[in-house]
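Participant: Need coordinates for the below:
(one chain, ligands or ions: 1)
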Amino acid sequence: MNAIEARGVGVRIGAATILDGIDLAVAPGTLLGLLGPNGAGKTTLLEVMAGLRRADRGGVRLGDQALAWLDPMERARRIGYLEQGAVCHWPLSVERTVSLGRLPHRGAWGGTSSADAPAIEAAMVACDVAHLRRRDVTTLSGGERARVLFARCLAGHPEALLADEPVAGLDPAHQIRCLELLAARAAAGVAVVVVMHDLALALRFCDRICLLSAGRVAAIATPAELLSGDVIETVYGIELARHSRGGRPYAMPWSLRERNLP
Ligand SMILES: Nc1ncnc2c1ncn2[C@@H]1O[C@H](COP(=O)(O)OP(=O)(O)OP(=O)(O)O)[C@@H](O)[C@H]1O
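Facilitator: Residues are numbered from 1 along each chain as shown. Sure thing, here's the model as predicted:
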C-alpha cells in the first residue's frame, strides 16, 4: 500500500487552474523528487498532500485513510511538513525549536515521553545543529536555520515526510548531508517527497522523480528512465549535459534551448 497518495487533485485559485488532475502515489521506502519550473504547482501540491490546503477536486490518502477525515493531531504526527523558506517567527533556542517537532506526540494532557529527548538529540546531531543548541534561532544564518527546521521535522518521526526545497540555501556539503538524511529516512520505510530545483542532485539521490509542468504531471519515472528521453529538456526548455558515474546516469543544465530571455 502507498504511504501517501494524491488522487485526481485539482486546485483552482480564482479563474486560474493551479493543479489539474494530479495522481501521485509514494510508497514507503521511496525518496521522490518533485520537480518542475517555477509556478508549476509543486508547493501547492505539497500543501494539499500535507493537509494544509483543500483540493477543489480529488483528495489525498494516507495509508488506507482519507486525509480529510484524519484528526489534525494525528495528521501532524504522521506527516512531517517542511515549508519553503526557513521562517522562524519566535526567538526560541535551537533545542526548543527542534523539540516542537515532538508536540504532536504529546498526550491529551501535554505530557512528554521518554522518547522525546533521544529523538530531539538524534535529529540535532543528524542535521549538524547540536553545537548551536543554545542559540536563538532568529540569529542564525539562513542555512543554519534551514537545518534546524529540518531537524524539527525529523524529530517527529513521521511516516510521510514532505520537504519543500530543503536544500535551497545550503552549501554543497550540507546539501549532500540533507539528501543523504532524506534517503536514509526513505530507507527506513518513510515515504519522502522533496521539492527541489537542483536537477543534478535530484537525479543523483532520488529513487523516482515527478516532473510537474503547468499544474499537470509531465512524467513520473526513475532518473534513468527520465534521462533516456527528453522530457526534462522539453519541460524546462533547456539542453542537458549528460554524464554517468558508477553506472548511474545524471545530468546538469547546460544551455537554454531558445535564447528568448532578456
Ligand atoms: N494566492 C494565490 N493567488 C494567485 N495565484 C497563486 C496563489 N498562490 C499560488 N498561485 C499561483 O499558483 C502557481 C503555482 O504556485 P506554486 O507556489 O505551487 O508553484 P511552485 O511550482 O512551487 O513554484 P516555485 O518553483 O517558484 O516555488 C503559480 O503560478 C502561483 O503564482
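Participant: tell me which parts of the stretch 1-150 of the chain are close to the ligand?
Facilitator: Selection of the stretch 1-150 of the chain residues close to the ligand by Cβ under 6 Å from any ligand atom yields 13, 16, 18, 36, 38-44. Just so you know, the C-beta spots here come from the backbone N, C-alpha and C atoms, and that holds for glycine as well.
Participant: Let's see which of the residues you listed end up in strands.
Facilitator: 13, 16, 18 (DSSP state E).
Participant: Could you dump those into CSV and include neighbour count?
Facilitator: Below are those laid out as CSV (neighbours: other Cβ atoms under 10 Å):
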residue, neighbour count
Ile13, 10
Ala16, 8
Ile18, 20
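Participant: Closest to Val48 out of those residues?
Facilitator: Closest approach to Val48 among these (Cβ to Cβ): Ile18, at 9.8 Å.
Participant: So the closest residue to that closest one other than its chain neighbours, which state does it fall into?
Facilitator: Nearest non-adjacent residue to Ile18, counting by Cβ to Cβ, 6 or more residues apart in numbering: Val11, 4.5 Å away. For Val11, the assignment made with DSSP: H, G, I helix; E, B strand; the rest coil gives strand.
Participant: How many residues are close by Val11?
Facilitator: 22 (other Cβ atoms under 10 Å).
Participant: Could you report the separation of it from Arg177?
Facilitator: 33 Å (Cβ to Cβ, to the nearest Å).
Participant: Turn the residues of the stretch 1-150 of the chain next to the ligand into CSV, including pLDDT and distance to Arg245.
Facilitator: Formatted as CSV, those follow (pLDDT from 0 to 100; distance: Cβ to Cβ, whole Å):
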residue, pLDDT, distance to Arg245
Ile13, 95, 42
Ala16, 95, 41
Ile18, 98, 37
Gly36, 97, 25
Asn38, 96, 29
Gly39, 96, 32
Ala40, 98, 28
Gly41, 98, 32
Lys42, 98, 27
Thr43, 97, 31
Thr44, 97, 34
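Participant: What's the PyMOL syntax to select whichever of these are buried?
Facilitator: Selecting the buried subset of these in PyMOL, with 16 or more other Cβ atoms under 10 Å as the burial test, is done by:
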select buried, resi 18+36+40+41+42+43+44
